[in-house]
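Visitor: Quick one: sequence and predicted model below, then my questions.
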Amino acid sequence: MAQARRYLREMVSTPGRRWLGLRHWLDRRLWLRGYDADVHCDPAEFDRLRDIVGRHPTLLLFTHKAYGDAALPALVCDRYGLPMLHTFGGINLDLPGLGALLRRSGGIFIRRRFANDPVYRLVLRAYVAYLLERRYPLSWAFEGTRSRIGKLMPPRYGLLKYALDGARAAGLEDLHIVPLVTSFEQIREVDDYVAEERGAAKRPESLGWLLGYARGAGRPLGQLRVDLGEPVVVHQPPPAGDRLAVARIAFDVAVQANRATPL
């Protein structure tokens, strides 16, 4: 129980409206600085998403090309009057100041590796089930790594498996998994990507890294676009341990994301 309490304090989001407004302001001036203020999207797609979220437990899984990917879904959903997203991210972004703001605006920090910690796995599964049961839409990047070239990377099954397990534990049906495709006219981090492809070590996220990222923002980067794919509906969550079923669901989400990606 002591471990579980510690893990919950580390992971649980405690959102508030004023913090959400501050988060959107920061997202615009940090991760999305340099891009046009008007994000291109189809309002009809988000009207449909609002109806889905109101009726069904929903996962909004976004493609991942840059740091701005995690900011766009929440911004656009807020613009069209959807409920606040609970967004999962790596605990490496729980930096002083930034971590507190993200946690108070829907951010959920999880550890990179916890396969050998049964208490952590249990707490995460229970928390996901709690959120889904109360119809909070959940969001995360379902790809294994960032892709600056626009190619969809292989999906990771970890969080998806926990969401399916949580839905099954809560007795939920018709879980809707909606792919969200973010498209950038230009990507800020492309120089870092080239350096990493040449063998340079990836710079770890830190307070110094964050300040450097903020200082480097500002040059014009063009337009942003958000598209929604067709929902993948899981009528009954698969049995625990059915890894093939989880892989098939993830593959279906990737196919719908590709279909929604503009050329």
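Guide: Structure received. Residues are numbered from 1 along each chain as shown.
Visitor: Which is the succeeding secondary structure element to the helix or strand harbouring residue 108?
Guide: Using DSSP states H and E, residue 108 maps to strand 107-110. Per DSSP H and E, strand 107-110 leads on to helix 118-133 as the next helix or strand towards the C-terminus.
Visitor: Which parts of this protein are helices?
Guide: Here the chain has its helices, by DSSP state H, at 2-11, 17-29, 43-55, 72-79, 98-103, 118-133, 158-169, 190-197, 207-215, 243-260.
Visitor: quick one: which of the ones you listed has the weakest pLDDT on average?
Guide: Confidence, taken as mean pLDDT, is least for helix 207-215 of the helices of the chain (a mean of 74).
Visitor: That helix to helix 17-29, inter-axis angle?
Guide: Between helix 207-215 and helix 17-29, the angle comes out at 70 degrees (axes from the mean of the first three to the mean of the last three CA atoms, to 10 degrees).
Visitor: Give me the buried stretch members for helix 207-215, please.
Guide: Residues 210, 213 are the ones in helix 207-215 that count as buried (16 or more other CB atoms under 10 Å). (Each C-beta comes from the backbone N, C-alpha and C, glycine too.)
Visitor: Which strand in this structure has the most residues?
Guide: strand 175-184 (DSSP state E).
Visitor: Sheet partners, orientation included, of it?
Guide: Using DSSP bridges, the strands paired with strand 175-184 are strand 58-62 (parallel), strand 224-228 (antiparallel), strand 232-234 (antiparallel).
Visitor: among those strands, which is the most enclosed?
Guide: Highest mean neighbour count of the strands paired with strand 175-184: strand 58-62, a mean of 25 (counted as mean count of other CB atoms under 10 Å).
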